[in-house]
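J.: generate coordinates for the sequence data below:
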Amino acid sequence: MSVTAERGSVVVELGDQRRELTRAEAAALQERIGDAMVEHREFFRTASVHRADGSYEVTRRAADSAGNTKVFESFAALERLYERLPDEFGAEAVGRTGITGSRRHLLVRHLAEHPGFDCEITCRRPLTATKVDQSAQAAEATAATGEFEEVSAD
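T.: So this is what the prediction gives:
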């Protein structure tokens, strides 16, 4: 892909396609691309934004103060934090990573609500989440359907 300015217009080449845009069209395209790169998702109690700069913001839904927000360098940074947490974790464990105040509870809830993290809230007081063991889930699903693998006794 290439983008060049030529005689008051902007030329975009993508593969074997070439488009000449006016400056106004190029500005509108730039804005639409920026909007497309920002993904906003709402969950039950939390919300998130994948920002255009690559950072990932977690907020408490319908909250408007900075105390209800935690910004990570990237979504991968939140994934790394999750990997470092024990199988059962709460605000205290999240706090050991350097996150303070109500943001600790915010992150416990967000990790449990976001489909990208296999954990669930298992206790409300104190707020505690437990990582879901994928092999245990598969065994439960097998038991629930009654489909068992035949194993030879020999």
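
J.: pLDDT of stretch 86-96, averaged?
T.: Taken as a whole, stretch 86-96 has an average pLDDT of 96.

J.: how long is it end to end?
T.: For stretch 86-96, the first-to-last residue distance is 11 Å (CA to CA, to the nearest Å).

J.: now do that stretch: everything it contacts.
T.: Stretch 86-96 is contacted by residues 81, 85, 104-105, 107-108, 122-123, 126-131, 133 when judged by CB atoms under 8 Å, 6 or more residues apart in numbering. Placement of C-beta: from N, CA and C, glycine included.

J.: so for the lengthiest helix in the chain, what gets flagged as buried?
T.: In the chain, with assignment by DSSP state H, the single longest helix is helix 23-37. For helix 23-37, a neighbour-count test (16 or more other CB atoms under 10 Å) marks residue 26 as buried.

J.: do stretch 122-132 as well
T.: By neighbour count, and taking 16+ other CB under 10 Å as the criterion, the buried residues in stretch 122-132 are 127, 128, 129, 130, 131.

J.: again, but for stretch 80-92
T.: For stretch 80-92, burial by neighbour count (16+ other CB under 10 Å) applies to 81, 82, 85, 89, 90, 91.

J.: thinking again about what came up before, nearest to residue 97 among the buried residues of stretch 122-132?
T.: Within the set of the buried residues of stretch 122-132, residue 129 lies nearest residue 97; the separation is 14.2 Å, counting by CB to CB.

J.: what bridges to that closest one?
T.: Taking DSSP bridges as the rule, residue 129 bridges to residue 89, residue 121.

J.: kindly report the same for residue 9.
T.: When bridges are taken as DSSP bridges, the partners of residue 9 come out as residue 6, residue 22.

J.: from residue 43, how far off is it?
T.: From residue 9 over to residue 43 the distance is 43 Å, taken as CB to CB, to the nearest Å.
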